[in-house]
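Participant: sharing a model that was predicted from the sequence below.
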Amino acid sequence: MIGRITGLLIEKTPPTICVDVNGVGYDIEVPMTTLYDLPEVGAKVTLFTHLAIREDAHVLYGFLKPEERTTFRSLIKVSGIGARTALAILSGLSTTDLAQAIEQQDATLLVKVPGIGAKTAARLLLELKGKLSNSTLPQSHTQQSSKSDILNALVALGYSEKEANNATKNLASDVSVADGIRLALQNLTK
């Protein structure tokens, strides 16, 4: 298995790039997000790779970040999702956005990706639930998610959005959802 490649970027032909490693050029398929972040042709580049061996070809897929490769590997394990579709998903969504959509079971972001319909999005949500690591979510995102959950709970209890926002504006950023709801309710009864 080829896990990582370091060499000179010698060609960009979306979605494929070519990296020269000691005189050997490796064609590597990359998502568009990786392609946009690559340095100029002629610069040194390091990619985390996944080698897919098929009956008719050996295909190398490359990613700038290890969490992108991990997400790619999770995607191709879903029935009906091949490498091309996984690349399309990673081209249309960041790993953070994908993890958030899976965590919140929200198909709206997924169906915006070309080639992903409602049935495929539902399958992705079902099969990846709990499998995409929260490590792909930055800490500030999980804090925003907690605050969002607290706000949604207060609105569900019958408070207006303005009241809910006022009750949660002074909460600590690392408060848990349960504690946040309790403290916000205390703020509302003052």
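Facilitator: Looks like it arrived, so ask away.
Participant: immediately after the worst-scoring helix or strand of the chain on mean pLDDT, which helix or strand?
Facilitator: Of all the helices and strands that make up the chain, helix 139-156 has the lowest average by mean pLDDT, DSSP states H and E, namely a mean of 67. Downstream of helix 139-156, the next assigned helix or strand under DSSP states H and E is helix 161-168.
Participant: packing partners for that following helix?
Facilitator: helix 139-156, helix 177-188 (3 or more C-beta pairs under 8 Å, 6 or more residues apart in numbering; DSSP states H and E). Every C-beta, even on glycine, is put in place using the N, C-alpha and C of the backbone.
Participant: poorly predicted segments of this structure, please.
Facilitator: For the chain, the stretches with pLDDT under 70 are 133-145.
Participant: give me the domain ranges for it.
Facilitator: Per automatic domain parsing, the structural domains of the chain span 4-63, 66-136, 139-188.
Participant: and these as a markdown table, adding mean neighbour count?
Facilitator: Putting the domains of the chain into a markdown table (neighbours: other C-beta atoms under 10 Å) gives the following:
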| stretch | mean neighbour count |
| --- | --- |
| domain 4-63 | 15 |
| domain 66-136 | 17 |
| domain 139-188 | 15 |
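Participant: helix or strand for residue 87, just tell me which one.
Facilitator: If you go by DSSP H and E, residue 87 is part of helix 83-92.
Participant: got a list of contacts for that helix?
Facilitator: 15, 29-34, 52, 59, 61, 63, 68, 71-72, 75-76, 81, 98, 110, 112-116, 120 (C-beta atoms under 8 Å, 6 or more residues apart in numbering).
Participant: do the same with stretch 107-125
Facilitator: 75, 78-81, 85, 88-89, 91-93, 97-98, 100-102, 105-106.
Participant: ditto for stretch 49-59
Facilitator: Residues contacting stretch 49-59 (C-beta under 8 Å, 6+ apart): 1-5, 28-29, 60-63, 69, 72-73, 76, 83.
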